[in-house]
Structures are given as C-alpha cells and as structure tokens.
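**Student:** Generate coordinates for the sequence data below:
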Amino acid sequence: MQILKCQACGSSDLVTEQGALVCSFCGRKYTREENEQILSGPEAEALAFSYIAKSGEYHQQGQTSLEIQALLNALQTNENIPDIWVRLGRAYRSLGAHEKALSCYEKALSLNPSDGVAYGNIGAVYLIRGQFQTACEYYEKGLSLISPNDVDYAITLGNYALAVGQGGDKKKAAKLLKEAERLGYQNADTIRKKLGLSFLNKFLPF
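**Tutor:** Residues are numbered from 1 along each chain as shown. Modelled structure (predicted):
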C-alpha cells in the first residue's frame, strides 16, 4: 500500500492541525483545496493507515495522549476503518475512560459486526468493572469470531480465563489458561497467581 508523502520533502509524517494537513518535518502546510483533494481521494486511506502506524509506535512507547491524537487524525481522514475505533477504545480504556472506550468499540461493531477483537475489548471493560458474567459473554462472542491462528485469539482466551476465574470457576480458568498458553499467551502465570491457582496447574492433564 502506498503511503502518502509530503509533496515538498517526501516525509510521511503528516499531521492535522485545525483541520489542515501539515508536514511535521518541513512545516509545509496544505491549502484547503489540497486538503479536500487528498481527503476525498484514494490517498485518504493511505494517510489513515500512516496515522495508525504512528499510533502503534506511540502505544509501544507508552505515550497514550500522542497515540490518541494520531488515531483522531486517522479518523479525520477515514472514519470507516473499524481498527481505528478499536485502537482508540483501547487507548481510552487504558486511561480509565470506560464509557468513551465502549462507544469506540460499538462504533467498530457498527462498521463490522463480525469484529471479534471489538467484542473481546468490550469484555475487558466489564472485567475491569467486576461484571464477570457479562465479560464472559463478550469474550465468548469474540472468540467465536476470531481465528485460533490469530494472535488476538490467545490474548482474548487468556482474558476470558481471568473473567471465568474471578467469576468463581477456577478449574475451568486453569484449563482455559493452559490452552491459551499453548497458543502463545505470555501472561498465563501472572493470571494464575492473580487467581490463586497453583503454578503446577499448567501441567495438569485437563
């Protein structure tokens, strides 16, 4: 996929400031006419994905406010990409803004009702709130829509195990954690400790 670049210096680090595109590298500002042409053409999708990539960098660096701004910039170029809404929901959730997060996930599902990751993230909000049964329902829905070969499947399964265990069924939680671990989930032992499960549970033949 072609990434939109600044016409002056070739940088792909374009940002929106007060509705106008600006190159953050050389400072080149685009006119209203140029903005409209870019944002109404195929370049808009490329620009949106460049913002998504930038938001991922900020996420890795723990710079949540910059991550959110990058995602909001992405929405200004193309608000119909579900992944933007899911990422924005995650960022808001990390700040404790749960209602904003839920609104983002619901928007993602309105664009793609089969977005299993969005369902799993809604489950995470209810897990944080201590509504374990509701969390489990959303995790189950998400797992039914995510391929077991997808990295998000193992993560969702691990979180589902936590919800199940905190809901009281620790035997089932241990079994789910063992499966999640088999699929590459990295936090199984942390969840076991949180649930008060024996470290040796991961070796039990369920």
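
**Student:** so which helix or strand takes in the residue most central in space within the chain?
**Tutor:** In the chain, the centroid-proximal residue (C-alpha atoms, centre = their mean) is residue 87; its distance is 3.4 Å. Using DSSP states H and E, residue 87 maps to helix 82-94.

**Student:** so what does the very next helix or strand once past that helix touch, helix or strand wise?
**Tutor:** Using DSSP H and E, the helix or strand that follows helix 82-94 in sequence is helix 98-111. Counting contacts by 3 or more C-beta pairs under 8 Å, 6 or more residues apart in numbering; DSSP states H and E, helix 98-111 is packed against helix 82-94, helix 116-128. Backbone N, C-alpha and C define where each C-beta goes, glycine included.

**Student:** buried stuff in helix 98-111?
**Tutor:** 98, 100-102, 104-105, 107-109 (16 or more other C-beta atoms under 10 Å).

**Student:** Kindly report the same for stretch 161-174.
**Tutor:** 161-167, 169-170, 173-174.

**Student:** Which of these sits closest to residue 13?
**Tutor:** residue 162 (38.1 Å; C-beta to C-beta).

**Student:** What are the boundaries of the helices in the chain?
**Tutor:** 32-40, 43-61, 64-77, 82-94, 98-111, 116-128, 132-145, 151-166, 170-182, 188-195 (DSSP state H).

**Student:** List just the one of those helices that sits closest to residue 11.
**Tutor:** Closest among the helices of the chain, using C-beta to C-beta: helix 43-61, at 10.4 Å.

**Student:** tell me what the closest one is packed against?
**Tutor:** Against helix 43-61 (3+ C-beta pairs under 8 Å, 6+ apart) you get helix 32-40, helix 64-77, helix 82-94.

**Student:** got the domain boundaries for this structure?
**Tutor:** 11-98, 114-206 (automatic domain parsing).

**Student:** pLDDT-wise, which helix or strand of this structure ranks last?
**Tutor:** The weakest-scoring helix or strand in the chain, judged by mean pLDDT, DSSP states H and E, is helix 32-40 (a mean of 62).

**Student:** how about the buried residues of helix 98-111 in a markdown table, adding distance to residue 60?
**Tutor:** Shown next, in a markdown table, are the buried residues of helix 98-111 (distance: C-beta to C-beta, whole Å):
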| residue | distance to residue 60 |
| --- | --- |
| 98 | 23 |
| 100 | 22 |
| 101 | 20 |
| 102 | 24 |
| 104 | 20 |
| 105 | 22 |
| 107 | 24 |
| 108 | 21 |
| 109 | 26 |
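
**Student:** Could you point out which of those residues is nearest to residue 187?
**Tutor:** So of these, ranked by how close each gets to residue 187 (C-beta to C-beta), first place is residue 101, at 20.4 Å.

**Student:** wouldn't the closest one be in contact with residue 93 here?
**Tutor:** Yes: between residue 101 and residue 93 there is a contact at 4.0 Å, judged by C-beta atoms under 8 Å.
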